[in-house]
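K.L.:
sequence-free structure coming up:
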């Protein structure tokens, strides 16, 4: 099967990430003001609870499936057999999970209070099972993934403005959110015949997947625990309004994180392919670039949104969410930690077959998060949850770095830290005065962002940062050819 270039995959995934940024950028200011922190908090709480059920329904398939399909993508029969085996396992676990969800819905008062919302949000379990998104990512079909995702997000965008008009519409908001995120999986099911044989190919061996899937499942457990634990514990310990504040901060962080991790996402199947074919020099080359990319993107984004957290929150969510500013500032450095662990864990340790190291790092993070949340949330509410998440992500990075130190130290040494720091300082100095003009949150964000990131880019260009120069030279070549 012909390989798509990493550059094209990255561009497509970047567009996908941008669509994930534009969608909440347009809808959340409208929705948050209508539903209030309480309404958005209810949906966020339901989403986090359903994430635990989705965890068991999916096992470790979303990540394992990518690697398994990437390894056999050149053999259609082997690929078909692999996909059919994984699909059967996935559907079987989804049925079991739906039974468990039904029992929980009937027994837990906190869930019973919002039964319609939880029933709607649970449809994500079905969409995940039939979508086989791992197949398309394993085959590096990022153009297809991006186009169908943007289409459904656009439909959902229109639905938000047409259907949401009052506080009680938070259930509709939950349904539209699921549609935007998961409905495109129906297209995956319809188009799967283009890539595999739909008819049973026989000679199945389900057992070969169970071991790796359970390791990935344990990894997913640890990740889901400490990425959703803060919201779930806030929902049980505090009120929906506190969840709403925290959700406003996390939503901005999640969008930025998508930008930072976009390169690592498209590199997983390629890294697996290189290792399977013993091309270790190529594997190390893309690893160095990926870590350098994370530093170049994550550091300025982190600093900028700490500096302009208030304007970002007030613009996206409104005055009612002013209490989300401090949690957002606390949680922003996780962008750098998660960006790096995404490369070390998903792009390096997983293709190298060291999933257990990723598991141990995430268990350590989950334990730290649980302890800190229990101590801090009762006193500090959403700010306490943010502190717990920040420390947990730092612990995950430390464990993975220690395990991979021989492989990653050369990549970390390759980063020009002085250039990044100097460029960031210039960005801060050139834009910080905009806050004093009192020109409105949106104009302040636009004006300051242009000054900050243009200044940042100019300094890196002047200092001849290698990756920046490589990207700029390629862009210039393409522009020159067009002329």
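P.N.:
It's in. Please read all numbers here as calculations on a predicted model, not as lab measurements.

K.L.:
state the number of residues packed around the residue nearest to residue 237 when sequence neighbours are not counted.
P.N.:
Setting aside the residues directly before and after it, residue 237 is nearest to residue 377 in space (CB to CB, 6 or more residues apart in numbering), at 5.2 Å. (Glycine included, C-beta is placed from N, CA and C.) Burial measure for residue 377: 24 neighbouring residues, criterion other CB atoms under 10 Å.

K.L.:
wouldn't residue 377 be in contact with residue 233 here?
P.N.:
Yes: in this structure, residue 377 is within contact of residue 233 by CB atoms under 8 Å, at 5.6 Å.

K.L.:
overlap in contacts, those two.
P.N.:
Where contact means CB atoms under 8 Å, 6 or more residues apart in numbering, the residues bridging residue 377 and residue 233 through contact with each are residue 385.

K.L.:
point me to the helix or strand that includes the residue nearest to residue 237.
P.N.:
Remark: residue 377 resides in helix 355-380, with elements defined by DSSP states H and E.

K.L.:
in that helix, which residues are buried?
P.N.:
355, 357-366, 368-370, 372-373, 376-377, 380 (16 or more other CB atoms under 10 Å).

K.L.:
next, name the residue at the spatial heart of this structure.
P.N.:
residue 258 (5.1 Å; CA atoms, centre = their mean).

K.L.:
and that residue, how close does it get to residue 306?
P.N.:
Taking CB to CB, to the nearest Å as the measure, residue 258 and residue 306 are separated by 18 Å.

K.L.:
would you map the strands across this protein?
P.N.:
Assigned strands in the chain: none (criterion: DSSP state E).

K.L.:
shaky segments in it?
P.N.:
Per-residue confidence for the chain (pLDDT under 70) gives these ranges: 1-22, 24-25, 223-230, 239-240, 262-278, 472, 474-475, 477-483.

K.L.:
domain parsing for it?
P.N.:
Per automatic domain parsing, the domain ranges recorded for the chain read 6-415, 416-483.

K.L.:
give me every residue that touches the residue nearest to residue 237.
P.N.:
Taking CB under 8 Å, 6+ apart, one finds 230, 233, 234, 237, 238, 384, 385, 388 in contact with residue 377.

K.L.:
which parts of stretch 72-91 are buried?
P.N.:
Applying a neighbour-count criterion of 16+ other CB under 10 Å, one finds 72-73, 79-87, 89-90 buried in stretch 72-91.

K.L.:
need the residues that contact it.
P.N.:
Outside stretch 72-91, the residues that touch it by CB under 8 Å, 6+ apart are 1, 57-59, 61, 64-65, 68-69, 128-129, 132, 134-135, 138-139, 192, 195-197, 200-206, 208-210, 213, 273.

K.L.:
buried among those residues? Make that a ChimeraX selection.
P.N.:
Selecting in ChimeraX just the buried members of those, where the criterion is 16+ other CB under 10 Å, is done with this command:
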select :57,58,59,61,64,65,68,69,128,129,132,134,135,138,139,192,195,196,201,209,213,273
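
K.L.:
what about the helices in the stretch 101-250 of the chain?
P.N.:
Assigned helices in the stretch 101-250 of the chain, in chain order: 109-112, 115-121, 123-131, 133-138, 142-163, 170-182, 185-191, 207-237, 240-260 (criterion: DSSP state H, counting those that start in this stretch).

K.L.:
any chance of those helices in a markdown table, with distance to residue 23 too?
P.N.:
Formatted as a markdown table, the helices of the stretch 101-250 of the chain follow (distance: least, CB to CB, whole Å):
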| stretch | distance to residue 23 |
| --- | --- |
| helix 109-112 | 27 |
| helix 115-121 | 18 |
| helix 123-131 | 16 |
| helix 133-138 | 18 |
| helix 142-163 | 5 |
| helix 170-182 | 7 |
| helix 185-191 | 17 |
| helix 207-237 | 20 |
| helix 240-260 | 9 |
